[in-house]
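> show me the folded form of this:
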Amino acid sequence: MLGGQAQEATGGSVALQAARDATFHYHGPSFGDVRELVELVFQNQLPVMREEARKVFEANAAKFREEFVRQLASSSKVSAQEFAKPDTQATFQQALTGTALKGDDADLELVAAALVRRLEAAEEPLLKQVLESAIAVMPKLVRPQIAFLAFVHYAKRVRHISATQLAQVELMAAQVMPVLESGLSLSAPNQQYLAGLGLLTLNPVASASLWLHDLHQTHSFLPPDMDQLRAAGCVHLCRLLEAYDTLQVPQAFPTLTGSAVGLLQLQRALGKIDLSIWIR
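Next up is the predicted model:
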């Protein structure tokens with residue numbers, strides 16, 4: 001236990017002590033024994049646990065503040081007046097509290113990026129609302145879930161129309177792979193969790209695997225089947241296409257909030273993305 005505990009056994013008994021005055025014998029603890037032990041733990045340990053939790057919370061909050069300040073310093077689109085608005089302060093509090101509670105489980109960098117973009121979106125009502133929703137939910141997500149949202153958005157809505165050669169399409173797949181990779185084995189329950197948070201809709205009827213077909217329609221130079229792609233050395237593109245089928249991505253559709261989270265993740269590989277193109 002926090003703070004340390006001592007145990008003693010005398011008189012032929014097996015003693016479980018809390019604060020040196022709760023003893024259980026061979027016949028097992030009675031309801032009164034259990035109640036007494038719980039009361040002792042509650043009285044003696046809870047203040048210690050509260051203090052430890054406060055220290056961790058403050059340390060996590062400090063990490064988020066530093067990351068937010070670092071990213072905000074590189075933006076020239078945030079006005080001082082925006083900080084005075086109640087909804088801005090409420091959104092900042094959500095981001096700070098959420099990341100402080102979750103600690104290392106939360107993606108501090110991504111939440112900070114969402115918050116900065118929210119501040120920049122003062123004159124974009126829909127984008128501002130979507131980012132506020134994203135900020136509220138992002139601390140509840142682990143990195144593979146975020147990567148999966150990015151993968152779904154990338155597979156369904158991103159096309160590199162400027163590519164004129166197969167090698168360029170493979171290069172783009174290789175470029176985004178690091179920010180998608182951890183989501184390429186996400187389980188069905190994880191996907192259902194994302195749906196429960198309002199980041200995805202799942203439609204089991206939508207089972208047609210059309211990504212390769214759509215890519216071929218956009219890029220006529222792209223081989224129409226997987227065997228030819230493998231023979232051409234498209235390792236990363238093939239892996240994404242295989243995950244698309246294995247994870248049943250045709251059944252998953254990102255909501256606006258899910259797309260916002262996915263786009264913020266994709267920024268890490270593709271550079272600054274104008275979210276207003278997708279959310280307007």
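> counting by contacts, list what the strand or helix carrying residue 192 packs against.
In this assignment (DSSP states H and E), residue 192 forms part of helix 188-196. In this structure, helix 188-196 packs against helix 143-157, strand 200-202, with contacts taken as 3 or more CB pairs under 8 Å, 6 or more residues apart in numbering; DSSP states H and E. Every residue, glycine included, has its C-beta placed from N, CA and C.
> tell me which of those sits most buried.
Scoring the helices and strands packed on helix 188-196 by mean neighbour count under mean count of other CB atoms under 10 Å gives helix 143-157 as the most buried, with a mean of 23.
> could you give the angle of the helix holding residue 192 to helix 143-157?
Put simply, helix 188-196 runs at 70 degrees to helix 143-157, going by axes from the mean of the first three to the mean of the last three CA atoms, to 10 degrees.
> just to revisit the earlier point, for the helices and strands packed on helix 188-196, give me JSON lines that also has mean pLDDT and distance to residue 248.
Shown next, in JSON lines, are the helices and strands packed on helix 188-196 (pLDDT from 0 to 100; distance: least, CB to CB, whole Å):
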{"stretch": "helix 143-157", "mean pLDDT": "96", "distance to residue 248": "11"}
{"stretch": "strand 200-202", "mean pLDDT": "96", "distance to residue 248": "9"}
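> may I see those organised as JSON lines, with distance to residue 259 added?
Compiled in JSON lines, the helices and strands packed on helix 188-196 are given as follows (distance: least, CB to CB, whole Å):
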{"stretch": "helix 143-157", "distance to residue 259": "5"}
{"stretch": "strand 200-202", "distance to residue 259": "10"}
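> any buried residues in the helix holding residue 192, and which?
Neighbour counts over helix 188-196 (16 or more other CB atoms under 10 Å) mark 190-191, 193-195 as buried.
> can you check stretch 229-240 too?
Of the residues in stretch 229-240, those with enough neighbours to count as buried (16+ other CB under 10 Å) are 229, 234, 236-240.
> quick check, nearest of the buried residues of helix 188-196 to residue 266?
Closest to residue 266 out of the buried residues of helix 188-196 is residue 194 (16.4 Å), distances taken as CB to CB.
> just for the chain, where's the confidence low?
Within the chain, the stretches with pLDDT under 70 are 1-29, 41-42, 44-46, 48-49.
> what domains does the record give for it?
Here the domain parsing of the chain from automatic domain parsing is 55-137, 143-278.
> tell me which of the ones you listed approaches residue 31 most closely.
domain 55-137 (34.3 Å).
> can you give me the end-to-end span of that closest one?
24 Å (CA to CA, to the nearest Å).
> so residue 134 sits against residue 257, correct?
Yes: between residue 134 and residue 257 there is a contact at 5.2 Å, judged by CB atoms under 8 Å.
> who's more crowded, these two?
Here residue 134 and residue 257 are set side by side on neighbour count (other CB atoms under 10 Å), and the busier one is residue 134, at 27 against 24.
> what is the helix or strand hosting the more buried one packed up against?
Using DSSP H and E, residue 134 falls within helix 125-137. When contacts are defined as 3+ CB pairs under 8 Å, 6+ apart, helix 125-137 packs onto helix 86-102, helix 108-120, helix 256-270, helix 275-278.
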